[in-house]
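*Asks:* Take a look and give me a structure for this.
(one chain, ligands or ions: 1)
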Amino acid sequence: MIEGIGVDVVEIARIRRTIDQWSGTFLNRVFTEQEISYAQSKKNPTPHLAARFAVKEAVAKALTTGWSGGFRWKDVEVQNNSSGKPCVILNGHVRELLKGSRILVSISHSENVVIAFAIIEKEAS
Ligand SMILES: CC(C)(COP(=O)(O)OP(=O)(O)OC[C@H]1O[C@@H](n2cnc3c(N)ncnc32)[C@H](O)[C@@H]1OP(=O)(O)O)[C@@H](O)C(=O)NCCC(=O)NCCS
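*Replies:* Numbering: from 1, shown residues only. Sure, this is the predicted structure:
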């Protein structure tokens, strides 16, 4: 059963500006080591960081409570499987909140923006 859906569009230039301004502080607060190293493995890392940012926002929207539940950006982590397909690993408070549910995500990049779509699905009991 679908419990929630969320979508987010992120301007790549906005993420680039934020990284330029805050550098490591922004990166380490928002992204896990694995997310950073995935992005850094690409020729142009910023769109991939922007995509991960969009996923976190999309999941927050799907939660309906948004980010008001006291959890952290890193509680929602994007990993890509061997074919490149993204999936979400939950940590901390969000993991507790979504026990018994799974998250499906999809990402797309264009030249200037990235978009992420998330679905929270209750697992069959
Ligand atoms: C995978 C594919 C669909 C990506 O599409 P694209 O138009 O090149 O690029 P987009 O910007 O729209 O999407 C990129 C995102 O797709 C996602 N993606 C990559 N491989 C994927 C896969 N096998 N399944 C689902 N999503 C995938 C990733 O999240 C990626 O962003 P990220 O690297 O920041 O995580 C494309 O490379 C392709 O058609 N490959 C060949 C066929 C294929 O393997 N299809 C897989 C779907 S069944």
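*Asks:* what does this protein put close to the ligand?
*Replies:* 48, 51, 80, 83, 84, 85, 86, 107, 108, 109 (CB under 6 Å from any ligand atom). Glycine gets a C-beta too; all of them are placed from N, C-alpha and C.
*Asks:* Any quick ChimeraX command for the buried ones out of the residues you listed?
*Replies:* A single ChimeraX command is used to select the members of the residues of the chain next to the ligand judged buried by 16 or more other CB atoms under 10 Å:
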select :48,51,86,107
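*Asks:* Could you tell me which of the residues of the chain next to the ligand belong to helices?
*Replies:* 48, 51 (DSSP state H).
*Asks:* Tabulate the residues of the chain next to the ligand in TSV, adding columns for pLDDT.
*Replies:* TSV is the format used below for the residues of the chain next to the ligand (pLDDT from 0 to 100):
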residue	pLDDT
48	98
51	98
80	97
83	97
84	96
85	98
86	98
107	98
108	98
109	98
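*Asks:* Show me the residues of the chain next to the ligand that map onto strands.
*Replies:* Those of the residues of the chain next to the ligand mapping onto strands are 80, 86, 107, 108, 109, per DSSP state E.
*Asks:* Take those and write them to a markdown table, including distance to residue 38.
*Replies:* Output for those, formatted as a markdown table (distance: CB to CB, whole Å):
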| residue | distance to residue 38 |
| --- | --- |
| 80 | 6 |
| 86 | 10 |
| 107 | 12 |
| 108 | 16 |
| 109 | 14 |
